[in-house]
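> Just to be clear, the model below is a prediction. Sequence and coordinates:
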Amino acid sequence: MDRETLLKEEICEIGRRLWLRGMSSANSGNISARVSDNEVVITPTLVSKGFMKPEQILTMNLEGEVLRGEGYPTTETPMHLSIFKARKDIQGVVHAHPPVATSFAVAGKALNLHLIPEAVIFLGEVPLIPFQPPGSQELAESIIPYLEEYDAVLLENHGAISWGSDLTQAYHRMETLEFCAEITLYSQILGGAREIPSPAKENLLALRAMMKHKQ
Ligand SMILES: [Zn+2]
């Protein structure tokens, strides 16, 4: 099977997981993956991410033209394409509205506490970026400055977006992001979110910096 077909099938599987985990209610959320330097596959607009078929996934170039497939690509296409243009090593992008992480984005709070070792290493801090209208070029451009240092961002009063060196990694970062939001919320309800004690926290941060440097 060729890479384009494989990626379309993988997008359907990731979409199913997003929907099953309650991170993309109704038709929300969108997913894309890089086929080659100038081509990506991307989810269509107005389709539940839980029930997509590979033939519904569209193939586009980075200029925004649909090359193969029927219907219209997601309205968040500018956000996906600008990420693929800005960093050539990014292979997958996932945008969703996971309810707890989105609550942090609505409350105006970043996910910047170092609470769980795996999350410190594999996700890191998740900043909150100021609101821009969904689907706009302004939203697409506002993410670019964060691509180098971070693996995901919260979109104020909207949701979250993650990226990775493959689509599975981008999706895992979205799962980890929602897990971190849940842990932060529950621990604060229980009396306070306490960070990993020093010097373990600093050691984990150094390990993450080393791993990112190697990317
Ligand atoms: Zn959205």
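Okay, I see it.
> Could you give the bridge partners of the most centrally placed residue in the chain?
Nearest residue to the geometric centre of the chain (C-alpha atoms, centre = their mean): residue 162, 2.0 Å. Legend: beta-bridge partners of residue 162 under DSSP bridges are residue 94, residue 152.
> Tell me who's in contact with the nearest residue to residue 184 once chain neighbours are set aside.
Nearest non-adjacent residue to residue 184, counting by C-beta to C-beta, 6 or more residues apart in numbering: residue 193, 5.2 Å away. Any C-beta I mention is one placed from the backbone N, CA and C, and that applies to glycine too. Applying C-beta atoms under 8 Å, 6 or more residues apart in numbering to residue 193 gives the contacts 113, 115, 183, 184, 187.
> do residue 82 as well
140, 141, 143, 144.
> For residue 59, which three-state class applies?
State at residue 59, reduced to three classes by DSSP: H, G, I helix; E, B strand; the rest coil: strand.
> what's the distance between it and residue 41?
Distance from residue 59 to residue 41, counting by C-beta to C-beta, to the nearest Å: 5 Å.
> okay but residue 156 is in contact with residue 134, surely?
No. Residue 156 lies out of contact with residue 134 (C-beta atoms under 8 Å); the separation is 11.4 Å.
> All the helices of the chain, residue numbers only.
Remark: helices assigned in the chain by DSSP state H are 3-20, 77-86, 99-107, 117-122, 137-143, 167-189, 200-214.
> Figure out which of these is closest to residue 48.
Shortest distance between residue 48 and the helices of the chain, using C-beta to C-beta, is found for helix 3-20: 6.4 Å.
> quick check, nearest of the contacts of residue 193 to residue 10?
Using C-beta to C-beta, residue 183 is the member of those that lies nearest residue 10, at 27.9 Å.
> how many other residues sit next to the residue lying closest to that closest one once chain neighbours are set aside?
Distance criterion C-beta to C-beta, 6+ apart; nearest residue to residue 183, sequence neighbours excluded, is residue 115 at 5.7 Å. By other C-beta atoms under 10 Å, the residues close to residue 115 number 16.
> Which phi and psi values does residue 115 adopt?
Dihedral pair for residue 115: phi -110, psi -40, per degrees, to the nearest 10.
> Please report how far it lies from residue 90.
According to C-beta to C-beta, residue 115 stands 26 Å off from residue 90.
> Give me the phi and psi for the nearest residue to residue 28 once chain neighbours are set aside.
Of all residues not flanking residue 28 in the chain, residue 97 sits nearest, at 5.3 Å (C-beta to C-beta, 6+ apart). Here is the backbone geometry of residue 97 (degrees, to the nearest 10): phi -120, psi 60.
> Number the residues from 49 up from this point.
Fine by me, first position is 49 from now on; the one you just mentioned is residue 145.
> Isn't residue 208 up against residue 147?
No. At 10.7 Å, residue 208 does not count as touching residue 147 under the criterion of C-beta under 8 Å.
> Same drill for these two, tell me which one is more crowded.
residue 208 (27 against 14).
> Contact partners for residue 173?
Applying C-beta under 8 Å, 6+ apart, we find residue 173 in contact with 158, 159, 160, 162, 198.
> now do the same end-to-end measure for stretch 108-115.
Distance across stretch 108-115, first residue to last, is 5 Å (C-alpha to C-alpha, to the nearest Å).
> list the buried ones in it?
Residues 108, 110, 114 are the ones in stretch 108-115 that count as buried (16 or more other C-beta atoms under 10 Å).
> Perfect, I'm done here.
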